[in-house]
Every structure is written in structure tokens, then in C-alpha cells.
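> Sharing a model that was predicted from the sequence below.
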2 protein chains.
Amino acid sequence: MLHTHSRSHSNRAGSLEGIRVIDLTRVISGPFCTQILGDHGADVIKVEPPGKGDIVRSQGNMINGFSWYFAQFNRNKRSLTLDLRSEEGKAILHKLLESADVLVENFRPGVMAKMGLDDETLRERYPRLVVGRINGFGSDGPYRDRPAYDFIAQAMSGFMGVNGDAAGEPMRAAPPLSDMVASQNLAFGICAALVRRERSGQGDIVETALTNGLISMMGYLAAEYFATGQVPQRTGNDHPMLYPYGLFKASDGEVAIAPSNDIMVERFLGALDMLHLLDDERFADNRQRMDNREALREILTTVTERRSVQEWIEHLNRAGVPCGRVFTLRETFDDPQVQAQQMQLELDQGEYGKVPTTGFPVKMSEAPAAIHRCVPRLGEHTREILAQLGIGEGEENALRERGII
Amino acid sequence: MLHTHSRSHSNRAGSLEGIRVIDLTRVISGPFCTQILGDHGADVIKVEPPGKGDIVRSQGNMINGFSWYFAQFNRNKRSLTLDLRSEEGKAILHKLLESADVLVENFRPGVMAKMGLDDETLRERYPRLVVGRINGFGSDGPYRDRPAYDFIAQAMSGFMGVNGDAAGEPMRAAPPLSDMVASQNLAFGICAALVRRERSGQGDIVETALTNGLISMMGYLAAEYFATGQVPQRTGNDHPMLYPYGLFKASDGEVAIAPSNDIMVERFLGALDMLHLLDDERFADNRQRMDNREALREILTTVTERRSVQEWIEHLNRAGVPCGRVFTLRETFDDPQVQAQQMQLELDQGEYGKVPTTGFPVKMSEAPAAIHRCVPRLGEHTREILAQLGIGEGEENALRERGII
């Protein structure tokens, strides 16, 4: 069961209804952030260069000339084409900013200033505006001007160094994790600044960076390094501090089992009829079990491989032991829980057909996220937005002829 | 250079100054969320069971009896002990909620209702309250009552299935990614609900789940699956759609290089003096290069292994090619850019000494995040908070004797 949404279904206002966002971002970081704002009701105006627009419009798998990769990051937006290198384009942007609550950009540091949109100017002309920005390394410091990319942020944040098999090389995360995290951070920061603005009337400049976001995710691995001075080692699917934990062989595949404390370890061993192992001094407590991990793994495997993954999942869940199957993406999206949580939605893209996309991870009871708009064609809303700015059709045609829009 | 912060340094108000958060969460997801709110100025009251408090207080590396793991998730909070299973404890919680803006909990679905704090009651008694909650699978659907843990969410979200080496097994991310992402999602959702409340006067119930958060991070991998019907394969450090990209052998280690489009590939090959490769039909465009990845890798390696990592990083950055070293956590925190961005801070924990911790990934110009408070001792603020509720010392002592606080 897919949940199809079209414009007519957006009958309840989202939390950010009435917030207007001018979105100068492209590619992933930035567009993911503004999509989150749009999902929750903000009016997001995606400003794209005339001609080709956001480069992602022509990337990834194209179906009927429509990029499903682009769709994944650009629902709930209106599209306006505008040449921001031209004076007329900049003048239109300033008109837009007069009625805007938020401006988001992911240019390299310095580009906005070159466009005449330095922080001082923005603060002076638009004191209520919240400016959000994402870059690679932050806008201060020795690397501020370096080109950035997710893979580099994964490498320099320390994430890759701890990720992957002990015997293998440092391993990146498959999704562009630093882009996604920095986008989420920025969506949070923009809303926090809006909370303050509602109370003080003052805007702010909010910045996140690919590298900084991932560093802040290192959590207890960072704490462990700070406390011991020892760099955490890669441990693959084994937990660095807990055993039993990880993937266990079943008769027809592997099952993920994660008893996170002594009570759950007891439940797990009880469910395996192996409680007597706790009387063995090699396995009596977590420290002993970590020291004798391979011996215990061997013993447990002789039991787990007797039943199927499905049998273990049912049996262990009944016993209150966290466990699950390692899903392929197909199994994830086909899963009844994932469907009950509406984590796959469908965009009605008209001539391009129905396009599936991931759902909303933030559920609101009164003001839920929704598909308010499907993915816009390049410049689909140029006329409508210019009209709102008082620019008539004659002027619009002239702008179009000169390649400004 | 470390940036030491103590209370006296918090001279500018954060964005969420004046927002009071009652925090019933424990372990990682939840505490990470409320720490983010506290970093940005919210008054977070961490409600802990009398006796031992949050279980993480005694986990991870303890120095002078103080858990640095706990410190990583619990700065900028006040601690109040309260037995929420007792009627008197619940009555005090209700008093707290009268002056609160936000309530956050990460119990399993149903536990709040058992405590008399079902959604209906909360909505009726505290119509302006924003309730935030994190759980494993969401509070609806067939798995709502299953025990959850980060490793299981990584497995069931599809993340592990795409992560890791092609030849190896599905690979979890080393940090507890689903906990961290769901916490960030919730911090965003709570602020979005606060923006609405400032305008409408109405609270909301905001929910995030470990599995849902990671699913929403699958980005173009999900799009690729939707578009092709093919499950994306694990590709290790190779990008599934781009080459050259990845780790390249230098004379003294590996360097991460990520040219993300044709222009950057030209810059990269130009910097290697290998531009002629683009005239070779095997490598003329990205599709050809993907088909002949191993051949190209071999050729490029003969060049990259002639110079050191540091030489390549300087040379390629000058050429505008995204690149970097795969840092250990020590190298990350010692890096001049990371220090310039203040991504390592120091908590002044008095008798427990100075405790390093990760910095703020969301930078605000006018209302910056700060260490407003160091990590509280268990119950450190019980007296102060009860006094604010009009509970005098006599009553307090009686509550303490009965184990309520």
C-alpha cells in the first residue's frame, strides 16, 4: 500500500506554514534542508539558473526525462529561474528577500559577498531575515576556501577511520552522510533562529558544515578517545564495548541481535537455552565476554544456526531481545512496519507519472508534514512569483529574452 | 588550543533562551536531542530516577568516578531526581509541566500512558506544550512494541545492506547513527512546533523513530532503487555512480580524492599530468570510466604513489580538486581547521577536572550555542528546582526520606 499524495491532500497546515524560504542551494546539502522545511509547510522558492537549473535535474536515473534523484530532494518547492550574476536578477532577488523569512545558500565562502550579499548587507537590509548556509569546512579557518565533497568530509571528520572491518581499510558510509547531517543540522538551526525571531524580532545567520556535522556525530567514540587518549579501532559489526552483539548465523542467513545490557544478555541466553554460560567464568560478565568473544561466538553459533532468521526474530522479540533482519532496500520499503509509518510516499508528477520517494521521519500530531507540492519543472513558478512581485507579463517577456529568467 | 568554557563565559543568550524543556530521556537518543536544545539556550531539566540516575552515568570510561561518555550527551542540563512511578513524583512532574514549553521522552510506546501521561491528558492539561518523543519503530504499526536498538535500526532501515565492501558482509556504521539522526530530527521537529506555537498558541506532539530517521537518509540510493527496481549493491569506498573517486595510494598512505563532476575530473587529471587519458575511449566519459574502473585505477595509482599524501593534498587543493587525508580521531581533533571551528570544547567539571567534548555543529552569528552549564551531578539541581515550585526544605527532606527524589 503506497500513500499517494497530490496537492488536494494537503488539507492541514504544516508547522512552518507562513514561513517563506528563498532557496539558492543546489545538489544535495541545501536542497535536502529546504525540502525538510517545505515538508513541514514552508513556502520554498527554489531559485535556479536559467537554462539547465540545478545540475541534479539531469543526474541519476532519468525516467521519461525526469530525474528520480532530483525528485528525492526537491518536492514541496516552487521553481523560479533567475540569473544571479546579472544586475536585474539580483534586483529581483532583493525584491524576494523583502517578503522572505529565510534565505538558504550553499555556495563556497565568498561567493555571496561577490554577489553583493555579504553578511553586513543582509543584516542591514533585512534585520528579520534568517540566513542559513552550508559549506564544507566552515567559513573561518585555514581550509575555508577548499573545495568540499561528502567523501572528504567523511575522511576528515574521523568517521571513516572508525568505520569498517578491523582487517579492512577505513570505510565511508554509503549514503552521502555528511551532506544529509549538515542539512538536518541547518533545518534545526533555522527553526531555532525562527523561534528567537518570533520573540525578539531579530534574524540571525546560521551556518553548518559537512565536516563539523559528522564530528558532532562521533558521540561515545569521541568520548572514548578523549578519556583514554587511544584512537578507537575499527571493529566492523562488533560493538567496541559489548558482547554478545552483532550478526549471528541462522540456518538461512544472518540475524542482527543487539542485547544492550546484562538484563538483555540474560534474556538472549535464556531464549537460546544457554543461561548456564553465565556460570562459565569466561562469560560471567561483559568484560569477560569481550575478552573471550571468539569462543562465545562459536558456542552461540552452534545454537543460532539451527533455526531460520524468521524463527529467531519471532522467538527473540517475544523474549524482549532487540533483533532484526538485515534488509535490502527492497525489503525495507516492502516491510509492513515501514509501510505503516508511511516511509515510502508517491509523488504525482503528472506527465512524468507517479514517482516514489522516502517519507517523513518527523511525525507531528496536529500539524503533520505533507506533500503540499510535487517536484517543480524548471521555472514552473516563475510567472506566478514574478506576478506576486508586481512584475507584469511584458517585463517578464523582456527578462526572458535577455536570459535573466 | 582548546576552548575552555565555564558558566561565566555564557554571556550571550542562545536562540532557545526562555524555552523550558522537561527531559525524561535516558541513554543516547533523547539525551543527545535535549543537549542540542540546551546548547542553544533552552533550560533543560533532566529528570532522573533517584539512586543511580541515567544508566549512562556509570558506563563507558570513568575518570575520577565520572563518565566521559555521559558527559558527551549531558552538558547544558540541570538534574532533578524524581521517582515517576510514585504518585508524589508524578504530582511534581505535573507542577513542572505547568511552566514548561517542551516535554521529551524516549520510553517504549505505552509507558507514558501507564504513567497517566497519555496524549489526550497532555493535550488537555497543557495545550501549549510541545511533546517530543523518540522510539525505535514509531508508535503505530506491527512492530511498535518491539525492543529497539541502534544496530537493529541500521539493519532494518536498509543502511547496512548498502554499506561496506562488495566482497564483505553488510556493515553497520561505527557510531550509533540511528540514535544520533533521530535525535537531530527531533530537535528540528520540536523547534518547528515551537515556531507554530509562537504564532498559534497551540502545542503539538512530535515523534521520531530510529528506523524512520535512517530510511530518510538513504537519499539517492533510495531513488536509484525506486527508479530501477534493482537493489543498490555495496561498493565499499567506490562511488556507485562516479569514477575516479575514492582512496588512492600515495607513497606514505592513502589520500581521499572526490572529483564530483566532469570539470573536477579534468582538474584532477590535469593536476596528475594525465589529461591525455580523456582521449582514451575507455576513459572518455564517466560511463566509460565506470566500465573500466580497474584499468583506470591501475594507471592513476602509478602516478599517485609517487608523492606523499601531504604533497597530493596541497597540490590537488590548489587545483580545486576535493581531497583530504583519512584522519584518525586524534588527527581530526588536532587539525587546525577543526580547532578553528571549535569542534573540541572543554567542560570545567570542578572536582572531576577538565573534560573535553565535541563542539557545536550549528553556528549562529547573533545567538550562538555555548556551554551555559557543565554536566550536572545526579540531583544537583533538585533543591533549586523544587524551591522554584514552592516546595520548601522540610517537604523536600520528607520526599528524600521516602525515596521520591
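Great, that's in hand. Numbers count the residues shown, from 1 in each chain, chains lettered A, B, ... in the order given.
> can you give me the mean pLDDT across the helix or strand hosting residue A:316?
Element membership of residue A:316, judged by DSSP states H and E, is helix A:309-318. Taken as a whole, helix A:309-318 carries a mean pLDDT of 96.
> Report the buried residues of that helix.
Across helix A:309-318, burial judged by 16 or more other C-beta atoms under 10 Å in any protein chain shown covers A:309, A:312, A:313, A:316, A:317. For every residue, glycine as well, the C-beta is placed using N, CA and C.
> same deal with stretch A:130-149?
Under 16+ other C-beta under 10 Å, the buried positions of stretch A:130-149 are A:130-139, A:141, A:143-144, A:146-149.
> hmm, the helix holding residue A:316 touching chain B?
Yes. Judged by C-beta under 8 Å from any C-beta of the partner chain, helix A:309-318 and chain B are in contact via residue A:317.
> Can you list the low-confidence ranges for the stretch 201-350 of chain A?
Applying pLDDT under 70 to the stretch 201-350 of chain A picks out no residues at all.
> now the strands for it?
If DSSP state E, counting those that start in this stretch is used as the criterion, the strands of the stretch 201-350 of chain A fall at A:204-209, A:246-250, A:253-257, A:323-325, A:344-348.
> For residue A:44, identify the helix or strand it belongs to.
strand A:43-48.
> outside of that strand, which residues touch it?
A:18-24, A:26, A:31, A:34-35, A:37-38, A:54, A:74, A:76-82, A:84, A:93, A:96, A:376, A:378-379, A:381, A:385 (C-beta atoms under 8 Å, 6 or more residues apart in numbering or on different chains).
> Sheet partners, orientation included, of it?
The strands beside strand A:43-48 in its sheet (DSSP bridges) come out as strand A:20-23 (parallel), strand A:78-81 (parallel).
> which residues touch the helix holding residue A:316?
Outside helix A:309-318, the residues within contact range by C-beta under 8 Å, 6+ apart are A:248, A:250, A:252-255, A:257, A:268, A:271, A:304, A:307, A:323-325, B:146-147.
> related to what we said a few turns ago, nearest to residue A:223, out of the strands paired with strand A:43-48?
strand A:20-23 (35.9 Å; C-beta to C-beta).
> any idea of the mean pLDDT for that closest one?
98.
> State the helix or strand in which the closest residue to chain B within the stretch 51-200 of chain A lies.
Here the stretch 51-200 of chain A gets closest to chain B at one residue, residue A:141, 3.1 Å apart by C-beta to the nearest C-beta. For residue A:141, there is no helix or strand it lies in under DSSP H and E.
> Return the per-residue confidence for it.
For residue A:141, pLDDT reads 96.
> Quick check on it: phi, psi?
phi 100, psi 170 (degrees, to the nearest 10).
> Distance check, the closest residue to it other than its chain neighbours against residue A:139.
Take residue A:141 and drop its neighbours on the chain: the residue closest to it by C-beta to C-beta, 6 or more residues apart in numbering or on different chains is residue B:340, 3.1 Å away. In this view, residue B:340 and residue A:139 are 10 Å apart by C-beta to C-beta, to the nearest Å.
> do the same with residue A:99
Counting by C-beta to C-beta - residue A:99 and residue A:139 are separated by 27 Å.
> same question, residue A:82
For residue A:82 relative to residue A:139 (C-beta to C-beta), the value is 24 Å.
> again, but for residue A:22
In terms of C-beta to C-beta, residue A:22 sits 19 Å off from residue A:139.
> quick one, what contacts the closest residue to residue A:352 other than its chain neighbours?
Spatial nearest neighbour of residue A:352, chain neighbours left out: residue A:66 (4.1 Å); criterion: C-beta to C-beta, 6+ apart. By C-beta under 8 Å, 6+ apart, the contact set of residue A:66 is A:349, A:352, A:355.
> And for residue A:149?
Counting by C-beta under 8 Å, 6+ apart, residue A:149 has contacts A:136, B:258, B:260, B:322.
> List only those of these flagged as buried.
The buried subset of those (16+ other C-beta under 10 Å) comprises A:136, B:258, B:260, B:322.
> Do I have it right that the second one meets residue A:151?
Yes. In this structure residue B:258 lies within contact range of residue A:151 using C-beta atoms under 8 Å: 4.0 Å.
> And whichever residue of the stretch 251-400 of chain A sits closest to chain B, how far from residue B:137?
With C-beta to the nearest C-beta, the shortest gap between the stretch 251-400 of chain A and chain B falls at residue A:340, namely 3.1 Å. Taking C-beta to C-beta as the measure, residue A:340 falls 9 Å from residue B:137.
> again with residue A:320
Using C-beta to C-beta, residue A:320 is found at 14 Å from residue B:137.
> CA-only coordinates of stretch A:290-301, as CSV, when you get a sec.
Taking Å, rounded to 0.1, in the frame of the first residue of the first chain, the C-alpha atoms of stretch A:290-301 are listed here in CSV:
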residue,chain,number,x,y,z
MET,A,290,34.7,-9.2,25.4
ASP,A,291,38.0,-11.0,26.3
ASN,A,292,36.6,-14.3,25.1
ARG,A,293,34.4,-13.1,22.3
GLU,A,294,35.5,-15.6,19.7
ALA,A,295,35.0,-18.6,22.0
LEU,A,296,31.5,-17.4,22.9
ARG,A,297,30.7,-16.6,19.3
GLU,A,298,31.5,-20.2,18.3
ILE,A,299,29.3,-21.6,21.0
LEU,A,300,26.3,-19.3,20.3
THR,A,301,26.6,-20.0,16.5
